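1. Have a look; sequence and predicted model below, questions after that.
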Amino acid sequence: MKIFFRSIYLISNILVIVFLLPSCKGSDKKATAPAAPKSTTMKVEGYIVKHMQVSDKAELPGSIIANEETEIHPEISGRLVYLNINEGKNVGKGTLLAKIFDGDLQAQLKKLQVQLAVAEQTVSRMGELRKIDGVSQQEYDLSALQVNTIRADMEIVRTSITRTEIRAPFGGTLGLKNISAGAYISPATTLTTIRQNSQLKLDFTLPEKFTTSFTIGQLVNFTIEGNPKTYTAKVIAAESGLQENTRSLNIRALVTNNDGKLLPGIFAKVATNFNTDPNGLMVPSQAILPQARGKKVIIYRGGIASFVDVVTGLRDSALVQIISGVHEGDTIVTTGLMSLKPDAKISITKINK
C-alpha cells in the first residue's frame, strides 16, 4: 500500500515539472530578448558665419601733457626787486616776470660809457696826428684797440644786466608763485611754472606686439574719467626705441578736439584699433573646441555634425576670428558640443545672431 502511494506522488511531481518547464523557457526568452535600436537626433543651436569688420582693440593708459611746459628759474643769484607773477593768468612770450637787483652792474656800465667817450676822443686826435705823421701807426692802433676793448666790456655788463631780468620763455598760463618780492634767490629757486595749454598732447605707451601696426599720422580715440565725450588725437612722433623694462614704445599724439575741459596731467584711456580687416569671419568663442593639436568647430551639414579643423586669429570678449576652415554662410554649432560625435545626427532649433 505504501509503495502504491509513493508511486502516485512521484508521478504527480514529474507531471508538474513537465508542465512548468515550457512556461519557464518562454519567460526566459521574453526577459532576455534585446531591445530594438532607436535612432536619436540631438537638438542644438547654431550661428551663421558672416563677414564683419575685425580689428585688434586695446585700451592703453595715457597722460595729457601741455604743448610746452617748464619751471621758471633765475639765471643768477640776487635779491628780487620786482615780481610780476599773476597766478593762473596768461602771459605773452618775453613778458617780464621778475627782476633781480642790478645797481652794481648799472654803475659798471656807466663807468664804461665814460671811458668809451674818452677813448673815442683819443682815437680821433690820434687819427689827425697820424695824417701828419705826428704819431706812429702802432700808437694809433693801440688807441683803437682800447676803444674796442671798452665796447666789449660794455656788452658783457649788458648781458649780465639782461640775466637779472626773468622773462616768459613762451606764451602760456602761469602757475602758482613760490616766492615773494624782496627774497634772495638762486638758480635753484623755482619762481613758478608756465604751461602752454592752447594745444595739448597725449602721451601713451604701445605694447611691443602692436609696434609694427602703428604709423605716424594715425588717429586714436581716448576718454577721461568723469567725462563721457570721446576725444581724438593724431600721432605725431614715437620714441626711437622700446623701453627695455616694459618692452613698450612711447608714443606722442596731438589732441585735435580739445573743448577746454582737458588739463595737463589728466589720466586718459586710449582706445586703439590695429590690424583692421573689413571682411573678417567671426564665430562665438564657445563654438571653438580646443584639441591637443589645433582647434575644431562643428559645422551643420545636411543634418550631420561635421568636425572641421580651423585656424583662429583675433578675439574679443564674445567672438573669435577664423582665418581658415570655415566660409561665409556656414552654420556653426554653438551648444551641446561635448555630447556630439563626428557624423552625429543633429537638428538646429535656434539660430543666434
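-> Good, I have the coordinates.

2. Show the contacting residues for the residue nearest the centre of the chain.
-> Nearest to the geometric centre of the chain sits Leu60, at 3.3 Å (CA atoms, centre = their mean). For Leu60, the contact set (CB atoms under 8 Å, 6 or more residues apart in numbering) comprises 204-207, 269-270, 272. In this view, the C-beta of every residue, glycine as well, is placed from N, C-alpha and C.

3. Pick the one among these closest to Leu83.
-> Phe204 (38.1 Å; CB to CB).

4. Excluding covalently adjacent residues, which one is nearest to the closest one?
-> Gly62 (3.3 Å; CB to CB, 6 or more residues apart in numbering).

5. In PDB, list the C-alpha atoms belonging to the helix or strand containing the one you found.
-> Element membership for Gly62, per DSSP states H and E: strand 51-72. Provided in PDB are the C-alpha atoms of strand 51-72 (Å, rounded to 0.1, in the frame of the first residue of the first chain):
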ATOM      1  CA  HIS A  51      31.700  88.800 -42.900                       C
ATOM      2  CA  MET A  52      32.200  91.700 -40.400                       C
ATOM      3  CA  GLN A  53      34.900  94.200 -39.600                       C
ATOM      4  CA  VAL A  54      37.600  92.800 -37.400                       C
ATOM      5  CA  SER A  55      40.300  94.800 -35.500                       C
ATOM      6  CA  ASP A  56      42.700  94.200 -32.700                       C
ATOM      7  CA  LYS A  57      41.400  96.500 -30.000                       C
ATOM      8  CA  ALA A  58      43.500  97.600 -27.000                       C
ATOM      9  CA  GLU A  59      42.900 100.100 -24.100                       C
ATOM     10  CA  LEU A  60      46.100 101.700 -23.100                       C
ATOM     11  CA  PRO A  61      46.900 104.200 -20.300                       C
ATOM     12  CA  GLY A  62      48.000 107.700 -21.300                       C
ATOM     13  CA  SER A  63      48.500 111.200 -19.900                       C
ATOM     14  CA  ILE A  64      47.600 114.600 -21.100                       C
ATOM     15  CA  ILE A  65      50.500 117.000 -21.300                       C
ATOM     16  CA  ALA A  66      50.900 120.600 -22.200                       C
ATOM     17  CA  ASN A  67      52.300 121.600 -25.600                       C
ATOM     18  CA  GLU A  68      55.100 123.500 -23.800                       C
ATOM     19  CA  GLU A  69      55.800 123.400 -20.000                       C
ATOM     20  CA  THR A  70      58.700 124.500 -17.900                       C
ATOM     21  CA  GLU A  71      59.700 125.800 -14.500                       C
ATOM     22  CA  ILE A  72      60.800 129.400 -14.200                       C
END
